[in-house]
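Colleague: Sequence below, structure please.
(one chain, ligands or ions: 2)
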Amino acid sequence: MIQEQMPKYYIETWGCQMNEEDSEKLAGMLKNIGYTDTLNREEASIIIFNTCCVRENAELKVFGNLGTLRKLKEKNPDLVIAVCGCMMQQKGMAEDIVRRFPYVDIVFGTHNAYKFPEYLNRVKQENVVVKEIMDKETEIIEGMPIERKSDAKAYVTIMYGCNNFCTYCVVPYVRGRERSRKPEDIENEIIELVNEGYKEITLLGQNVNSYGKGLDPEITFADLLKRIDKIPGLERLRFMTSHPKDLSEDVIKAIKEGTKICEQIHLPVQSGSSRILKIMNRKYTREDYLNLIRKIKKEIPDVAISTDIIVGFPGETEEDFEETLSLVKEVEFDSAYTFIYSRRKYTPADKMEDQIDDSVKHERFNRLIEVINEASAKKNKEYEGKVVEVLVEGESKNDSTRLMGRTRTGKLVNFAGDKESIGSLVNVKITKAQSFSLNGEEIK
Ligand code: SAH
Ligand code: SF4
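Modeller: Ligands and ions are numbered 1, 2, ... in the order given. As a prediction, this is how the structure comes out:
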């Protein structure tokens with residue numbers, strides 16, 4: 001069938017890279033049964049919303065977007081609308097969606113996405129609404145088809161779920177307990193990707209450092225990194241997220257000694273105050289974190305470190321917040337994702353009494369951003385005049401005559417270069433550092 005005539009799907013994804021990967025699997029299943037993708041909701045015969053519930057904002061966006069689908073469904077009653085992902089795993093949410101948006105056809109959760117083709121079939125054959133949420137995590141399903149978004153880099157999930165129960169976070173409730181994939185399944189997937197031409201792999205997990213627990217034989221994350229580092233043809237290996245309490249010396253050593261493992265670590269600190277860290281149940285102190293950073297910087301001198309920070313956690317005083325500011329100044333993160341604390345039902349922090357006023361949260365958030373941007377700009381400046389290796393991902397977002405890609409340390413580079421190098425590694429001389437990216441030109 002020519003592409004124009006094939007039925008089309010549209011997938012909107014909110015949230016983290018894990019959700020992105022889940023969406024790629026849904027796309028893979030749809031491709032397998034004859035669908036092709038579209039970026040235009042109007043011409044889709046299936047619309048899927050893959051949702052996130054880590055913060056309230058993400059949920060509000062889903063509700064808003066679902067509201068706008070009513071008109072599309074009226075115009076095209078055959079349109080199939082599906083909603084899935086983390087938000088659906090929350091108690092009562094699936095029922096709520098079906099009630100508030102009766103034109104939604106399929107609702108499923110994070111543990112049963114592999115059954116999507118079956119649900120689709122039922123909707124088409126029996127014209128029913130299918131709602132199925134599984135509370136318990138299932139066995140890991142291997143070998144699912146997957147339709148990846150990029151041709152140069154791919155995400156590979158190595159473990160699912162989380163056992164940490166940070167007191168602000170819903171992830172353990174909606175993604176279930178930690179389960180690791182077998183190393184040979186991960187290796188085989190990466191070998192296949194490399195054979196298809198992928199150059200860069202990012203290993204995904206909520207806490208990759210506890211990879212391998214419960215497998216027989218047990219294997220550590222450092223061991224897995226070393227095994228993958230040996231795969232011929234692979235150029236770059238990244239991973240996220242690392243929990244500071246679990247990042248071992250062996251992993252630092254693996255990064256230092258590996259040839260493909262990139263000099264980049266995402267190490268969410270969440271707060272610079274030991275008192276708040278304790279209430280967050282993070283299981284490390286400010287000093288532990290700073291010591292770890294010192295060790296990493298000593299062993300891997302050109303490393304880029306990024307982080308996640310929450311402001312306005314219940315009970316956070318001005319002094320606690322200033323400790324966060326001073327930690328940020330001391331570490332000089334290359335980049336940081338900053339979040340305003342968002343109350344999440346069923347989490348312990350939601351029940352804490354000393355919730356912080358919105359105005360205080362916003363004021364702290366703005367102060368934090370300023371300090372973070374200063375550090376990022378300073379870090380970027382260090383690249384001026386240097387020649388760096390860039391994996392070329394495509395044309396620049398705002399200027400199609402230029403190319404964009406990333407350094408080993410994860411910095412975004414826009415540069416003048418040859419379009420033929422898209423998908424390969426080139427050397428780029430950095431001419432100017434911006435606050436959030438670098439400018440340069442390709443060196444032959
Ligand atoms: N597993 C990863 C992060 C998962 S969620 C880790 O432990 O680092 C991504 C980020 O969202 C978290 O690092 C945290 O900074 C933020 N986050 C999670 N729950 C939040 C909440 N209730 N309010 C605001 N930010 C939150
Ligand atoms: Fe959430 Fe903490 Fe698990 Fe990360 S480690 S997913 S923040 S509970």
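
Colleague: Which stretches in the stretch 151-300 of the chain count as strands?
Modeller: Counting by DSSP state E, counting those that start in this stretch, the stretch 151-300 of the chain has strands at residues 153-157, 159-160, 179-180, 200-204, 236-240, 264-266.

Colleague: Using TSV, please lay out these together with mean pLDDT, distance to residue 318 and mean neighbour count.
Modeller: Every residue, glycine included, has its C-beta placed from N, CA and C. Below are the strands of the stretch 151-300 of the chain laid out as TSV (pLDDT from 0 to 100; distance: least, CB to CB, whole Å; neighbours: other CB atoms under 10 Å):
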stretch	mean pLDDT	distance to residue 318	mean neighbour count
strand 153-157	93	39	21
strand 159-160	94	38	23
strand 179-180	94	41	20
strand 200-204	96	36	22
strand 236-240	97	31	22
strand 264-266	97	28	24
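
Colleague: For those, could you give me a markdown table that also reports distance to ligand 1?
Modeller: Converted to a markdown table, the strands of the stretch 151-300 of the chain look like this (distance: least, CB to the nearest ligand atom, whole Å):
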| stretch | distance to ligand 1 |
| --- | --- |
| strand 153-157 | 13 |
| strand 159-160 | 11 |
| strand 179-180 | 15 |
| strand 200-204 | 10 |
| strand 236-240 | 8 |
| strand 264-266 | 8 |
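
Colleague: quick one: which of those is nearest residue 11?
Modeller: Nearest of the strands of the stretch 151-300 of the chain to residue 11, taken as CB to CB: strand 153-157 at 15.2 Å.

Colleague: Neighbours of the closest residue to residue 272 other than its chain neighbours, how many?
Modeller: In this structure, residue 272 finds its nearest non-sequential neighbour in residue 327, 3.2 Å apart by CB to CB, 6 or more residues apart in numbering. Neighbours of residue 327 under the rule other CB atoms under 10 Å: 21.

Colleague: ok, residue 346 - contacts?
Modeller: 90, 91, 170, 173 (CB atoms under 8 Å, 6 or more residues apart in numbering).

Colleague: Please, which helix or strand holds it?
Modeller: Counting by DSSP states H and E, there is no helix or strand that carries residue 346.

Colleague: if I look at it, how far off is ligand 1?
Modeller: As for residue 346, its distance to ligand 1 is 11 Å (criterion: CB to the nearest ligand atom, to the nearest Å).

Colleague: For the stretch 301-444 of the chain, just list every one of the helices.
Modeller: Per DSSP state H, counting those that start in this stretch, the stretch 301-444 of the chain carries helices over the ranges 318-331, 358-381.

Colleague: Which of those helices has the highest mean neighbour count?
Modeller: Among the helices of the stretch 301-444 of the chain, the stretch with the highest mean neighbour count (mean count of other CB atoms under 10 Å) is helix 318-331, at a mean of 18.

Colleague: Now do the nearest residue to residue 85 once chain neighbours are set aside against residue 202, distance only.
Modeller: Spatial nearest neighbour of residue 85, chain neighbours left out: residue 51 (3.9 Å); criterion: CB to CB, 6+ apart. Applying CB to CB, to the nearest Å, the value for residue 51 to residue 202 is 22 Å.

Colleague: Next, the contact list for the residue nearest to residue 241 when sequence neighbours are not counted, please.
Modeller: Sequence neighbours aside, residue 266 is the residue nearest to residue 241 in space, at 5.5 Å (criterion: CB to CB, 6+ apart). Residue 266 makes contacts with 240, 241, 242, 305, 306, 307, 308, as judged by CB under 8 Å, 6+ apart.

Colleague: Contacts only, for the residue nearest to residue 85.
Modeller: For residue 51, counting by CB under 8 Å, 6+ apart, the contacting residues are 14, 15, 19, 58, 59, 62, 83, 84, 85, 86, 87, 88.

Colleague: Apply 7 Å and report the result again.
Modeller: Residue 51 makes contact with 14, 62, 83, 84, 85, 86, 87, 88, according to CB atoms under 7 Å, 6 or more residues apart in numbering.

Colleague: Also residue 443?
Modeller: Residue 443 neighbours (CB under 7 Å, 6+ apart): 387, 427, 428, 429.

Colleague: Mind listing the residues bridging to it?
Modeller: residue 427 (DSSP bridges).

Colleague: if we can go back for a sec, show the buried residues in the contacts of residue 346.
Modeller: Buried subset of those (neighbour count, 16 or more other CB atoms under 10 Å): 90, 170, 173.

Colleague: quick one: which of those is nearest to ligand 1?
Modeller: If you rank the buried ones among the contacts of residue 346 by distance to ligand 1 using CB to the nearest ligand atom, residue 170 comes first, at 6.8 Å.

Colleague: The closest one - nearest residue in space that isn't next to it in sequence?
Modeller: residue 344 is the one closest to residue 170 (CB to CB, 6+ apart), at 4.6 Å.

Colleague: OK, contacts around that neighbour?
Modeller: Residues in contact with residue 344 (CB under 7 Å, 6+ apart) are 168, 170, 350.

Colleague: for ligand 2, what are the nearby residues on the chain?
Modeller: Taking CB under 6 Å from any ligand atom as the contact definition, the chain meets ligand 2 at 162, 164, 165, 166, 169, 171, 172, 206, 207, 243.

Colleague: For ligand 1, tell me which of those residues show up nearby.
Modeller: Near ligand 1, by the rule CB under 6 Å from any ligand atom, you find 169, 171, 206, 207, 243 out of those.

Colleague: If any of these are buried, give me the PyMOL selection for them.
Modeller: Buried residues within those, by 16+ other CB under 10 Å, are selected in PyMOL with:
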select buried, resi 169+171+206+207+243
